[in-house]
Every structure is written in C-alpha cells, then in structure tokens.
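Would you be able to build a 3D model of this:
(2 chains)
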Amino acid sequence: MGAFPWGRPPSQCKGTTVTEPSPDGRLRRRDRRTRRIVVPLTVVSAIVAGTVLSGCGQQRDPDVYTVMNSSTDESYHRWDGDTLKRCSKELGITIEQQSVPAAQLMTKALRMASSKSLPDVLQLDASEMPTFAEAGGLIPLKDLGLATTDIPEGIVDFGSYDGEYYGAARTVNTLALFYNKDILDKAGLKVPTTWDEMRDTAKELTQGKRYGLALSAGGAEDGVFQFTPFMWSNGGDETELDSPEVAGALDYWKALLKDGSLSKSTVNWTQADVNDQFMAGNAAMMINGPWQVETLNAKKGLDWGIAQIPVPEAGDDSVGPLGGGVLTVPNTGDSEREKTAAKIIGCMASEQEQITYALNSWMVPANTKAAAVWRTKAPELAALAGQVSTARSRTAKVGAQWSSVSLALQSAFQSALTGESSEAALKRAQRQVTSGN
Amino acid sequence: MSSTTASAATAGAPQTAGTAAAKKPLSPQGAKRRRQLAQWGFIAPAVIFMALFFGYPLVRNIVMSFQDYSPTTFFTGEAPFNGTDNWSNVFSDGLFGKALWQTILFTVGSLVGQFCIGLALAVFFTRRFPLNGILRSLILLPWLVPMVVSGIVWRRIFDQDTGVLNSFLGTIGLPGDTPWLTSTSMALVSVILVNIWIGIPFNMVILYGGLQEVPKELHEAAALDGASAWRTFRSVTLPMLKPVITVVLVLGFMSTVKILDLVLALTDGGPADSTQTLGTLTYQNSFVQMDFGAGAVVGNILILISAVFAVFYLRVNRNEGK
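Okay, here's the model as predicted:
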C-alpha cells in the first residue's frame, strides 16, 4: 500500500481528525496517507473496474449527527425518521437518517471507515456486528455510559462480541410457526407442538397443489436462519456441525421433503418466497418471522395464527435464532461525538421508543419492562415473546467466523436435501469450517 | 503507389508546420519537438484514463491477492503481505475446481446457444417480409431488461410447482414437474438457458449487421453456378462473416465468463453449489466472508482468462486489418 500521488496534502483535509493512538508519529502519518487512497472493491474492480475515490473524510457538522441504517422500506424509514425527530428534540441536536440496502451496508461502512467518514451511529445486522467489532471499528457501549439493566442475558449476548457489549438492540425478532386457521380447522387438526405432530399434520394438510408446510432452505443466510431452530432445539451446535444432533435435524427436513409435505422448490426459496406461498394458499403452515406480519395483515380473508416452532420431544425447549439489528457507535476518533452518539442510542432504545417501534414492526422489545407492556398491547403475538425468551444469538459462540459456518452449512443442507446423506454432507461442512476455507 | 502518397503526406506535414510557424521562425528540431508534444497531448487523456481506471485497479487487485486484506485493513490501512497463502487457500478449496468447471460449462453452453440462435435469426431477418422491422425490434427486448430483473422473473417462471413454465409443459402433455432450479443436475442448465435468452439479441444484431455487408453479387454468382442455399451459406456467407463472428464470440466470451448478477438472482449459487461460478466465488469470498485477499485471487484468475482471449481478439483484428 502506498500513498496516492494525487491525494491532497493533509493540511487541505479540513475536519478530518486523526486521533487514533499510535506509538510514533511516523507510523501515524503513513496511516493517514494510506487511508486516502483509492479503495478498490476486489470483485467489482476486477469485473467492472469500479473504484471508489475516497478523498478526505467528510467534514462533520458540529450540530448534525448521522444515523446509518438499512431502513430502505418506506414504512421503516418513516418510523425511524419519527423516532429520530423525537430524539433530536430531546437532545437538542439534529439527527439525520441515512438508509442503505441491507446487503450493501457492511461494505459501505467499511469504505466509510477507510475514508474516515463513518456515521455517528451505525445500525448493523447482529450477525455482521462481530466482523466490524473484530476489525476494531466499534466502541464498547459501557465505556460510553450505556447500561444493560433490564435487558435479558440472551439479548446482551446478541449485541456482544468477545465479552464486550457493542450493540444495543431496540427490538429483536425470531422465527415462529405461522398457520392458516381455516385450513387447520377444516381438517380438524390442532397446531403441532412436536416434530412428530408437525410431520403428521403437514402430511395430512398436503393436498393437491397445497403443501403442508413451507420453509426456506435457500443458499443464503435465509436458509441457515431457518435451519437453526431445528438444529438447536435438537441439541445441535454450530461449533460441531458433524454431530448426530445436527444430522438429526437435517434428517427431519429430509423426511418432510420425502413425505411431500415440503415443496421441492424449498431449496430455491427465500423467506419472502415462503410468505408468498403461504399467502397464496399454497402452504398450510410456514416457518417465518414477524417482519411478514404487515404483509400478512394486508391480505383480506387470510386468518392466520402463530405458535412456537415444534420441538423434537414434548417438554424440550424451542430454541430459535435471534434476529434484527443492533445500534453501535463506530470508532470515529472523536470522543465527544461518540458520547453524544451513545446518548442518541440511549434515546432510540429507551423503553417508550422500543414499545413504539415494536408495535410498528411486529417485533419484540429488547428491554424486559418494555416487553411486558408490549405483551398486553399485542396479545396475538404472545407466542413470539415466548420464543424470544429462549432464543439464541447466531454469533455468540463463533463470533466473526459465523459467515464461514453459514456458507458451509447452507451448502451442506442443500446437498442433503438434493440427495446426499446428511452425515456425509455435514462432515464435509465441518471440514470446510476447520480448514478455514 | 501507396508508398509515394505516403511520402508525399509526410513531406507535406513539415510544410504546413512551417507556414504556421512563419511568424516566429523555428528550427527544424523545435518544430519536430512541438509536433511530437502535440501528438502526446492527444494521446495523454486516453493514457491517463486507462492508467487511472484500468491500470490502477488491476495492479491493486494483483497486489491485494498477496495480502491479508480483512475488514481490519479498512481501519488501520495495513494489509500485511502473506506470500502465496491466499492462492494456496483458494486452490486447496474444493469449491474452486467446481466453480471453474461450471464456469467453463456455462460459458461454452451460453456461447454456442446464443451464437447459433442469433445467427439463425439474423439470416432469417435478411429476407424481406412484412413486419420484419417490428419483429426484429421485439427480439431486442431481453437486451433492454436489467440482468437482475431477468433473474428474478425467470426464477418465478422456473418455480417447480407454481411456475408458468411447468404448468405450460403440463397442459401440452409434457412432464410438468421439471426441477428447473431445484435439482443439482438441472440448475446449471436452467441458468445457461436464461443466459442464452439474454444473449440472443446481441448476437443477432451484430451478425445481422455483418450480413448486410456481404455483397449481393456473390450470392447471385453462387446461384448462377447452381449452388444450393446451404452450400451458398457455407461457402460464401460464413467466410465473409468470419471477422464479425470473431468479434461476437470474443466479446460474448468476455461478458459471459464473469457472470455474477444473473446467478445470484436465480439460484444464489445453489442448490448445493451446483451453479457456483468464478464470479459468484469472488463475490462470496470478498463480500460474504470478507476475505478480500481470496476474492482478489479468483478475480485475478478471471482477468487472466479474459486477457488471453483479449490478446487473441487483438491479434485476429490486426491480421484482418492487413
């Protein structure tokens, strides 16, 4: 890495404060110069020769703070905008919202890091947060005075990396079993609670073009997210993919497919596709998350219910995955602004704001007291609250390695669902993770 | 002949330079230097542009493939060199060989399909018939649709249970449960079919243009000699089209080998990695695993493959020019 010949001399970069501690000035100067180079995106530069010029860092306005999130949907953007308006008033500052598509948020934030123009508050997906924290990009929230009182341990873990609390969740979501009440009533069936019951129910509900159950086993994070409740409830673990418990969970999926209760297209469906199939009446039950509720309610004549995901044996815990974003303070080197950023997070994640956001987005407040209030206001989603109380974070055990585990796992369950034995596929996945490829 | 005109032209140049410099006398060397400077001045923008937007990313990408380039690098600016670690990691990963093989299948399959159908349509449209122009522009439609949109639409069409394609096949009495995108043996074929659909307009337009250049007299002469239509096509049309065919195939190759968006929209590389190509592997390494060094390795291999064909293309073009 070398300095860029046409980079402006440091004196011209107004507002770029470099306060990162370093042992000697020489090294720091080199750091400063290397940051101002063209940052090529590996693939993109290879393929379309796209480069991003990252000149001097953006000049920060002392009274304007930025929150970057992935709320590109109109409703989410509006809800967040309203929250920030209230917080601006409370804190006496101006807070601006910047929304980037979820899939691009991470790379965009990294580019901003190299050009020293990170936002004051960054909302990251909880599964991506460890990568950012590992790179040294986040400030521990406790250092900035944010406490974790009244937040359940699982949700503190959800926002933590390596024992350090970096991300405050406003609300969390998880997966649950959605069912079509009319179809179940007509067939005289009860909502299944165990794997055997679900298998029988799904089999009975599979008729004509309708499948008993829909879930996503697609080759991306969606599929892995959906596999975790089966893997975890069965006692399996992401640190040992070739264990009999994980294989048992995968065999259960295979059995559903073999029964014909799942569509063969399952391996090509995202969670949104699953929801479409459920709404079109092509599936009697589905595994999905509360973010679909807004769409489900928009469909007239669809009477749906929600329950915990069935467990292997009666009495087992139904362990789902925790999902959602966490609010973090990126390391911008300006400690005064970072303190204010923490106040912004404190306001956004306050009990009242959590309840408002949860009621809007159908998710569950992170704070125990807020969750209790929410439960009285959204009783139809009570099953979700139960599911959240036992839910686990995907990255608590493997941290930044999650992306490798996820890739290996999706390849494995897709191989198994298209013919290979679960044991062989999972053994290969475990090898893949340990060899670091 | 040509040599005399050439020398006249070169002889004429200093004369005009001389008249321009008449107000301020210049030594012959000075005039020459100025002319050279002007020549470089004209080339400079292109050279600077190339160096900035092609040379620099290319060199950076090569350097990056020998570095441990992780998310941390974006904060510290430091990417320690790790020798050939990235390269050996990529090569020892079983997925690389699989992706390479699938890229070859994808590229060859797409090119053959696009070219044959494109050529057939181009020949078809050289005949005069009503609505020729309108039909020709309609066939251009796939070209106008963004790749990702095509991918999403085709994913719905291909859906095994609710897709239009299977229900159509079912109604005309063919097996209506083809696992287009859900079987490991079929998914790559489906992706190739969509890419052929996308590539036909390009092939048709360029080849149609080439066919317009073939002199009608040659066809008339062939007809007088009693050649059949197939014989005329083989011995007159195809040889005359050769330079255009080279262009179409080489350009088609370079845009096909780096396929990424279509595969991501259709299958995400699945099921079970059966549609992973070098393009998706680069994406996965860099933007899912955040291992930019490994991503750069695969990117470089793609560049190398394209470069070989680009050189081949330039050579062919140079020979045609002579």
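
burial count for B:Ser185?
B:Ser185 has 10 neighbours, counted by other C-beta atoms under 10 Å in any protein chain shown. Placement of C-beta: from N, CA and C, glycine included.

Please identify the buried residues of whatever helix or strand A:Ser88 lives in?
Following DSSP states H and E, one finds A:Ser88 within helix A:74-91. Across helix A:74-91, burial judged by 16 or more other C-beta atoms under 10 Å in any protein chain shown covers A:Tyr76, A:Trp79, A:Asp80, A:Thr83, A:Leu84, A:Arg86, A:Cys87, A:Ser88.

if I look at the fifth one, how far off is A:Glu423?
The span separating A:Leu84 from A:Glu423 equals 51 Å under the rule C-beta to C-beta, to the nearest Å.

Next: the second one.
In this structure, A:Trp79 lies at 46 Å from A:Glu423, with C-beta to C-beta as the measure.

ok, and for the longest helix along chain B, which residues are buried?
Longest helix of chain B, by residue count under DSSP state H: helix B:94-126. Buried residues in helix B:94-126, counting neighbours by 16+ other C-beta under 10 Å, are found at B:95-96, B:99-100, B:102-103, B:106-107, B:109-111, B:113-115, B:117-119, B:121-123, B:125.

Show me what that helix is packed up against.
Helix B:94-126 is packed against helix B:132-139, helix B:187-213, helix B:238-257, helix B:278-283, with contacts defined by 3 or more C-beta pairs under 8 Å, 6 or more residues apart in numbering or on different chains; DSSP states H and E.

what's the burial count for A:Asp73?
Neighbours around A:Asp73, by other C-beta under 10 Å: 13.

Retrieve the pLDDT associated with it.
On pLDDT, A:Asp73 comes in at 88.

Spit out the contact partners of it.
By C-beta atoms under 8 Å, 6 or more residues apart in numbering or on different chains, the contact set of A:Asp73 is empty.

for it, phi and psi?
Main-chain torsions, A:Asp73, degrees, to the nearest 10: phi -70, psi 140.

Determine how far the helix holding A:Ser88 lies from the middle of the whole chain.
21 Å (C-alpha atoms, centre = their mean, to the nearest Å).

gap between the host helix or strand of A:Val246 and the chain center?
In this structure, A:Val246 sits in helix A:244-259 according to DSSP H and E. Computed by C-alpha atoms, centre = their mean, the separation of helix A:244-259 from the middle of its chain amounts to 25 Å.

Pull out the buried residues from it.
Quick answer for helix A:244-259 (16+ other C-beta under 10 Å): A:Glu245, A:Val246, A:Ala247, A:Gly248, A:Ala249, A:Leu250, A:Asp251, A:Tyr252, A:Trp253, A:Lys254, A:Leu256, A:Leu257.

Same list (those residues) but as a markdown table, adding distance to A:Leu215 and pLDDT.
Formatted as a markdown table, those follow (distance: C-beta to C-beta, whole Å; pLDDT from 0 to 100):
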| residue | distance to A:Leu215 | pLDDT |
| --- | --- | --- |
| A:Glu245 | 19 | 95 |
| A:Val246 | 17 | 96 |
| A:Ala247 | 18 | 96 |
| A:Gly248 | 17 | 96 |
| A:Ala249 | 12 | 96 |
| A:Leu250 | 13 | 96 |
| A:Asp251 | 15 | 96 |
| A:Tyr252 | 11 | 96 |
| A:Trp253 | 8 | 96 |
| A:Lys254 | 13 | 96 |
| A:Leu256 | 8 | 96 |
| A:Leu257 | 10 | 95 |
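
CA atoms only for stretch B:97-104, dumped as CSV, please.
The C-alpha coordinates for stretch B:97-104 follow below in CSV (Å, rounded to 0.1, in the frame of the first residue of the first chain):
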residue,chain,number,x,y,z
GLY,B,97,-12.3,-26.5,-9.1
LYS,B,98,-16.0,-27.0,-9.1
ALA,B,99,-16.7,-23.3,-9.9
LEU,B,100,-14.0,-23.3,-12.6
TRP,B,101,-15.5,-26.3,-14.3
GLN,B,102,-19.0,-24.9,-14.0
THR,B,103,-17.8,-21.6,-15.4
ILE,B,104,-16.4,-23.4,-18.4
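
who touches that stretch?
B:188, B:257, B:259, B:273-281, B:298.

so is A:Glu96 in a helix, a strand, or just coil?
strand (DSSP: H, G, I helix; E, B strand; the rest coil).

which residue sits closest to it in space, ignoring its chain neighbours?
A:Thr66 (5.1 Å; C-beta to C-beta, 6 or more residues apart in numbering or on different chains).

isn't that neighbour right up against A:Gln123?
No - between A:Thr66 and A:Gln123 there is no contact under C-beta atoms under 8 Å: 11.3 Å.

Among these two, which residue is more densely surrounded?
A:Gln123 (29 against 20).

check contacts around the closest residue to the more buried one other than its chain neighbours.
Excluding its sequence neighbours, the residue lying closest to A:Gln123 (C-beta to C-beta, 6+ apart) is A:Asn69, at 3.8 Å. Applying C-beta under 8 Å, 6+ apart, we find A:Asn69 in contact with A:Asp80, A:Gln97, A:Gln98, A:Ser99, A:Val100, A:Leu105, A:Leu122, A:Gln123, A:Gly325.
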